[in-house]
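In: Structure for this input, please:
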Amino acid sequence: MNFREGGTTLVCMRSDQGWEFYNTWTYRSIKPMDRIEFVQGFADAEGNKVAPAELGLPAGIPEEVGHVVTFSAIDDGTTELTVWEVGYPDAQTVEVSRAGMEQCLDKMATSLARASWGKTP
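Out: Numbers count the residues shown, from 1 in each chain. All right, here's what the predicted structure looks like:
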């Protein structure tokens, strides 16, 4: 993970069946406590760029998809996180991406909850 403007993070999604699917997130803009902008691309396990068709994905899937993540304080202990994705060709592809993003966010929430156990405010 190279979390800086111009840096790249390699992300791996693993299924219960044992398959792995890799993406890179290349950061275009980072505004602490406000927003993160990155471009997601398909990759192999070493982070090398791979065309979507090489991974068996349907025709028309873009090689790169722009993302904007924003953070909005709701109160002293709660932050709303919003994710926008730009560049998918149709509603079906958006729904597939939404399902994957929801899984990533659910795992992040679980990790954050575990990290905060036992800490005093």
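In: pLDDT of stretch 25-38, averaged?
Out: Averaging pLDDT along stretch 25-38 yields 97.
In: For it, list every residue counted as buried.
Out: W25, T26, Y27, I30, I36, E37, F38 (16 or more other CB atoms under 10 Å). In short, each C-beta sits where N, CA and C put it, glycine included.
In: can you pull the contacts of the third one?
Out: In this case it means Y27. If you count contacts by CB atoms under 8 Å, 6 or more residues apart in numbering, Y27 has them with F3, R4, E5, G6, G7, T8, T9, I36, E37, F38.
In: contacting residues for the fifth one?
Out: Contacts for G7 (CB under 8 Å, 6+ apart) come out as T26, Y27.
In: State the pLDDT value of T93.
Out: pLDDT recorded at T93 is 83.
In: heads up, I number from 22, so please use that
Out: Got it, the first residue is 22 from now on, which makes the last one we talked about T114.
In: Look up how far S93 lies from the residue nearest to it when sequence neighbours are not counted.
Out: In space, and not counting its chain neighbours, T114 is closest to I82: 6.4 Å by CB to CB, 6 or more residues apart in numbering. Here the criterion is CB to CB, to the nearest Å. By it, I82 lies 30 Å from S93.
In: Those two: which has the busier surroundings?
Out: With neighbours defined as other CB atoms under 10 Å, I82 and S93 compare such that I82 has more, 19 against 12.
In: S118: neighbour count?
Out: 18.
In: Equivalent analysis for T103, please.
Out: 10.
In: From M122, how far out is it?
Out: T103 is 11 Å from M122, where distance means CB to CB.
In: can you check R35 too?
Out: R35 is 15 Å from M122, by CB to CB.
In: now swap in W40 and tell me
Out: Taking CB to CB, one finds W40 at 18 Å from M122.
In: again with A130
Out: A130 is 13 Å from M122, by CB to CB.
In: The residue nearest the centre of the chain in helix, strand or coil?
Out: Computing the C-alpha centroid of the chain and ranking residues by CA atoms, centre = their mean puts M122 first, at 6.2 Å. Secondary structure, DSSP: H, G, I helix; E, B strand; the rest coil: M122 is helix.
In: and the gap between it and V86?
Out: Distance of M122 to V86, computed by CB to CB: 11 Å.
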